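[1] Turn this into a model:
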Amino acid sequence: MLLKANKMQQQYFVVLELPDGSDFINNTTHCPVDYWIKAAQAIEQGKAKMISRRQDTGVCEDLRKYLQHIKTFTTFILVTLPLCIDQSNNTIFEQASQYIANPVTKIVVDGAENFQLVALEA
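    I've put the predicted structure just below:
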């Protein structure tokens, strides 16, 4: 019975950093048509970096700490995914890439000169 309890999925907040490069400098008002497809491909290929994965909103605190080391403009993505506690990063990247390939809603929820955090809803 305990094994089944560990395999139950729960909602997690996940913050991913898109790879460096002009392909991933997102201006949500003039976003290229294939932007999210390219972002999904980069994530699925493991080119993104997972900044935080938590069940609470502490992902924002994790991101703030990480931002202290950012020198160039970077785009971060915030998604909510159903995950098991022991899921590997590769599996999470695969799920996230499927989730963001065709987002319904994209909202820049935070930003400054060196970053933007885009929340996606599928």
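[2] Give me the contact list for the lengthiest strand in the chain.
    What stands out as the longest strand in the chain, according to DSSP state E, is strand 74-83. With CB atoms under 8 Å, 6 or more residues apart in numbering as the test, strand 74-83 has contacts from 9-18, 20, 24-26, 39, 48, 51, 53, 59, 63, 92, 95-96, 99-100, 109, 114-120. Every residue, glycine included, has its C-beta placed from N, CA and C.
[3] Quick check on these: which are buried?
    Taking 16 or more other CB atoms under 10 Å as the criterion, what is buried in the contacts of strand 74-83 is 12-18, 24, 26, 39, 48, 51, 53, 59, 63, 92, 95-96, 99-100, 115-120.
[4] Among the residues you listed, which lie within strands?
    Using DSSP E, these in strands are 12-17, 51, 53, 115-120.
[5] Can you add pLDDT and distance to L83 and give those back as TSV?
    As requested, those are exported to TSV (pLDDT from 0 to 100; distance: CB to CB, whole Å):
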residue	pLDDT	distance to L83
Y12	93	5
F13	94	10
V14	95	8
V15	96	14
L16	95	13
E17	95	18
I51	96	15
R53	95	7
F115	90	24
Q116	89	24
L117	91	20
V118	89	20
A119	89	17
L120	86	16
